[in-house]
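1. predicted model and sequence below, questions to follow.
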Amino acid sequence: MAKRLFEWDTRLSPRPHTDRAPLMRTIDIEMVATGTTPRDCLAGSVSGQALTLNISPKGLLVLMDREPEVDQVLQILVPSPVHEVGTPTLSEVRWTRKMPLLSGDAHPVYFVGLRFIL
């Protein structure tokens, strides 16, 4: 038997995810520092993009080229049916997983589960 390159938890969830819809679109993100003053928040922000994979009433699944911290707050533009329009909102990182199929010198890519908080 060949050695596995990665292990991925494949247990079935106790509740179905019927409220999720596929959505593949590039969105703008801004990582907001969790500092206690406005100056801390401005000094710690990092902008970038992510690729959405699915959306639900409570959040998004995205692919990112960096691994945010769990509980990190991100400002995102929630996609709408009109490609040029997005609704700005805050989201919170609930979990991250490194994409297991990349190896060697490939730049790591991460699955990131986001929960809407505003």
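-> Structure's in. What do you need? As the structure is a prediction and not an experimental result, all values here were calculated from the model.

2. and the closest residue to Q72 other than its chain neighbours, what helix or strand is that in?
-> Counting by CB to CB, 6 or more residues apart in numbering, Q72 lies nearest to V93, which is 4.5 Å off, once chain neighbours are set aside. For the C-beta atoms, the positions are set from N, CA and C on the backbone; glycine is no exception. According to DSSP states H and E, V93 maps onto strand 86-98.

3. kindly report the same for V62.
-> strand 59-64.

4. buried stuff in whichever helix or strand comes after that strand?
-> On the C-terminal side of strand 59-64, the closest following helix or strand by DSSP H and E is strand 73-79. Residues of strand 73-79 classed as buried: 73-76, 78-79 (neighbour count, 16 or more other CB atoms under 10 Å).

5. now what about strand 73-79, what contacts it?
-> Outside strand 73-79, the residues that touch it by CB atoms under 8 Å, 6 or more residues apart in numbering are 23, 25, 27-32, 34, 50, 52, 55, 60, 68, 86-93, 114, 116-117.

6. wouldn't G113 be in contact with V93 here?
-> Yes: with contact defined as CB atoms under 8 Å, G113 counts as touching V93 (7.3 Å).

7. more neighbours: which of these two?
-> V93 (22 against 16; other CB atoms under 10 Å).

8. quick check: next helix or strand after the lowest-mean-pLDDT helix or strand in the chain?
-> In the chain, no helix or strand scores lower on mean pLDDT, DSSP states H and E than helix 38-43, which sits at a mean of 49. Of the helices and strands lying after helix 38-43 in sequence (DSSP H and E), the nearest is strand 46-56.

9. mind listing what's buried in that following strand?
-> 50, 52-53, 55.

10. turn the residues you listed into a markdown table, columns for pLDDT and distance to D19.
-> Below are those laid out as a markdown table (pLDDT from 0 to 100; distance: CB to CB, whole Å):
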| residue | pLDDT | distance to D19 |
| --- | --- | --- |
| A50 | 94 | 21 |
| T52 | 92 | 15 |
| L53 | 94 | 15 |
| I55 | 90 | 9 |
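
11. columns distance to V109 on top of these, output as a markdown table?
-> Shown next, in a markdown table, are these (distance: CB to CB, whole Å):
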| residue | distance to V109 |
| --- | --- |
| A50 | 10 |
| T52 | 14 |
| L53 | 12 |
| I55 | 19 |
